[in-house]
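Colleague: Starting from these lines, generate the structure:
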Amino acid sequence: MKKIVIVRHAKSSWEYNVIDHERPLNNRGYSDAHLLSKHLKNKELNIDLVLSSDATRAKTTANIFVSSLEINEKTFILDHDLYDFSGEKLTQKLKACKDSVNNLMVFGHNHAITAFVNTYGNKYVDNVPTCGVVIIEFNIEHWQDLNKGQTIVTLFPKDLKK
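Modeller: Next comes the predicted model:
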């Protein structure tokens, strides 16, 4: 059994004159990342590996989650290939994970995140919003056999702000 906790980076700021890869989070982004990561702390996710795009907004979101969830920083890897919008590289990276990893957390970008969730989960999501979290379980032993799994959690910032 394998599990993916997939997270779209939190809301970024367009306030600064920087290239897309270097866009930081805005205040709402920081707030949402702290809110969702603290909520997930009670879920006992037992994360074995964290993969994140190396874009500033994804890396910052991942750092907040790693800190809040008290995940060992040695299991946190930045990967430029996850600065992916189509989802092709995202899927390749996941299928290449070591089989010793059972619980994987991934931080990335849309359209790749929503496409992955709808391709590999069994619950349709129109759009995974910024800082949206989707958890999918797979009845597989090897990541290379990644196929349709069961969507067990969809958690979006608006769900916690009611």
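Colleague: C-alpha from now on. contacts and neighbour counts both.
Modeller: Noted.
Colleague: any idea which helix or strand carries the spatially closest residue to residue 65 that is not a sequence neighbour?
Modeller: Excluding the flanking residues, the one nearest residue 65 by CA to CA, 6 or more residues apart in numbering is residue 37, at 5.1 Å. If you go by DSSP states H and E, residue 37 is part of helix 27-40.
Colleague: Give the other helices and strands that that helix contacts.
Modeller: Here helix 27-40 touches helix 56-68, going by 3 or more CA pairs under 8 Å, 6 or more residues apart in numbering; DSSP states H and E.
Colleague: Direction included, what does whichever helix or strand comes after the helix it packs on pair against?
Modeller: Using DSSP H and E, the helix or strand that directly follows helix 56-68 along the chain is strand 76-79. Strand 76-79 has these partner strands in its sheet, going by DSSP bridges: strand 49-53 (parallel).
Colleague: Please state the offset of the strand it pairs with from the chain centre?
Modeller: 8 Å (CA atoms, centre = their mean, to the nearest Å).
Colleague: What are the buried residues along the helix or strand where residue 116 lies?
Modeller: Using DSSP H and E, residue 116 falls within helix 112-120. By 16 or more other CA atoms under 10 Å, the buried positions in helix 112-120 come out as 112, 113, 114, 115, 116, 117, 118, 120.
Colleague: C-alpha coordinates for it, CSV please?
Modeller: The C-alpha coordinates for helix 112-120 follow below in CSV (Å, rounded to 0.1, in the frame of the first residue of the first chain):
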residue,chain,number,x,y,z
ALA,A,112,0.1,19.2,-13.0
ILE,A,113,-1.5,18.8,-9.5
THR,A,114,-5.1,18.9,-10.6
ALA,A,115,-4.3,16.6,-13.6
PHE,A,116,-2.6,14.1,-11.4
VAL,A,117,-5.4,14.1,-8.8
ASN,A,118,-8.0,13.5,-11.5
THR,A,119,-5.9,10.9,-13.4
TYR,A,120,-4.9,8.8,-10.4
